[in-house]
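A.B. asks: Could you look at this predicted model? Sequence included:
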Amino acid sequence: MIEPISQLRSATRRAKSDVANKLVSMFLHELSRKVAEDRALRVESEEYALLVRQAFGSKCPYCLCDLSEFQCVVEHLDGMNRYRAGLHIPGNVLVACRRCNSEKRRDDSLKTLSLAGSGWASFLSHSGERCTGPCQTCAYWRGVWPDDATRALRLTENRDRIRSFRSQFPESERVMASLSSALPDLLAKLYSDCQSFAEREIGVLLERFGDKGVAAALSPNV
Ligand SMILES: [Zn+2]
Ligand SMILES: [Zn+2]
């Protein structure tokens, strides 16, 4: 459990990484557009929606809740961040409940995954048996399926279902596989360049605005 007041301290640090994360996601979206340009199947097509519906019905692919009853969001199996380098292309996009989408972020934001090779498979591997020490994701799945055997079975079934869904898009798998060697280094550079740029520009502006500007703003006579 995160202590609420400690969030005050982490907020400033987070603002800077939010900018860099946003840039990485914008780059991955642009790259996805390029990859999708000459492809027949598009994420926004009715045909793709049908394939998603055939694979998952109207259920969340992770917790199986009925999406018509819960808030749902567009979900990228391989997250569109610097570590997972996912793309907005068929086979990687579906709809999940907002709760799973946010719980999955913990695995997606790990540089190195220990439970599986991808963020989505890792998220579905917290059966409560493999993590040492307290784990928020294991606790999440324990809340969804309290019975150990049922939980292990559901998580395995959901991983298999997602794997078979993805196998319907061999072209996407091929593109992702060929990009996977180059993208992480590129994205790491983009991320750190963006942070240095933000820090430098803020520094320059603050210097230019300077003590005078701050003093004027604080002055009671304004
Ligand atoms: Zn869910
Ligand atoms: Zn765990």
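C.D. replies: That came through fine. Model, not experiment: these values are computed from the prediction. Ligands and ions are numbered 1, 2, ... in the order given.
A.B. asks: near ligand 2, which residues of this protein show up?
C.D. replies: Counting by C-beta under 5 Å from the ion, the residues of the chain close to ligand 2 are His126, Cys131, Cys135, Thr137, Cys138. Where you see a C-beta, it was placed from the backbone N, CA and C, and this is true even at glycine.
A.B. asks: which pair in the residues you listed spans the largest distance?
C.D. replies: Greatest spacing in the residues of the chain next to ligand 2, by C-beta to C-beta: Cys131 and Thr137 (7.6 Å).
A.B. asks: Look at these two and report which has more neighbours.
C.D. replies: Set side by side, Cys131 and Thr137 show more neighbours around Thr137, with 20 against 16, by other C-beta atoms under 10 Å.
A.B. asks: And for the particular helix or strand that has Gly143 in it, what's in contact with it?
C.D. replies: Secondary structure from DSSP states H and E places Gly143 in helix 136-144. With C-beta atoms under 8 Å, 6 or more residues apart in numbering as the test, helix 136-144 has contacts from Cys63, Glu103, Arg106, Asp107, Phe123, His126, Ser127, Gly128, Cys131, Arg151, Leu155.
A.B. asks: Name all residues that make contact with the residue nearest the centre of the chain.
C.D. replies: Central residue of the chain (C-alpha atoms, centre = their mean): Gly79, 3.6 Å from the mean position. Listed by C-beta under 8 Å, 6+ apart, the contact set of Gly79 reads Gly86, Lys104, Arg105, Asp108, Gly119.
A.B. asks: Filter those down to just the buried residues.
C.D. replies: Buried members of the contacts of Gly79, counted by 16 or more other C-beta atoms under 10 Å: Gly86, Lys104, Asp108, Gly119.
A.B. asks: Out of those residues, which sit inside helices?
C.D. replies: Of those, the ones assigned to helices by DSSP state H are Lys104, Asp108, Gly119.
A.B. asks: residues contacting the nearest residue to Val24 once chain neighbours are set aside?
C.D. replies: Nearest non-adjacent residue to Val24, counting by C-beta to C-beta, 6 or more residues apart in numbering: Arg82, 4.9 Å away. Counting by C-beta under 8 Å, 6+ apart, Arg82 touches Asn21, Val24, Pro184, Leu187, Ala188, Leu190, Tyr191.
A.B. asks: ok, Arg82 to Ala188 distance?
C.D. replies: 6 Å (C-beta to C-beta, to the nearest Å).
A.B. asks: ok, now Leu205?
C.D. replies: Distance from Leu205 to Ala188, by C-beta to C-beta: 26 Å.
A.B. asks: between the two, who's got more neighbours?
C.D. replies: More neighbours surround Ala188 than the other of Leu205 and Ala188, with 14 against 11 (other C-beta under 10 Å).
A.B. asks: Phi and psi next, for the more buried one.
C.D. replies: Dihedral pair for Ala188: phi -60, psi -40, per degrees, to the nearest 10.
A.B. asks: Now for it: which residues touch it?
C.D. replies: Arg82.
A.B. asks: cool, Ser17 as well?
C.D. replies: Applying C-beta under 8 Å, 6+ apart, the residues near Ser17 are Gln195.
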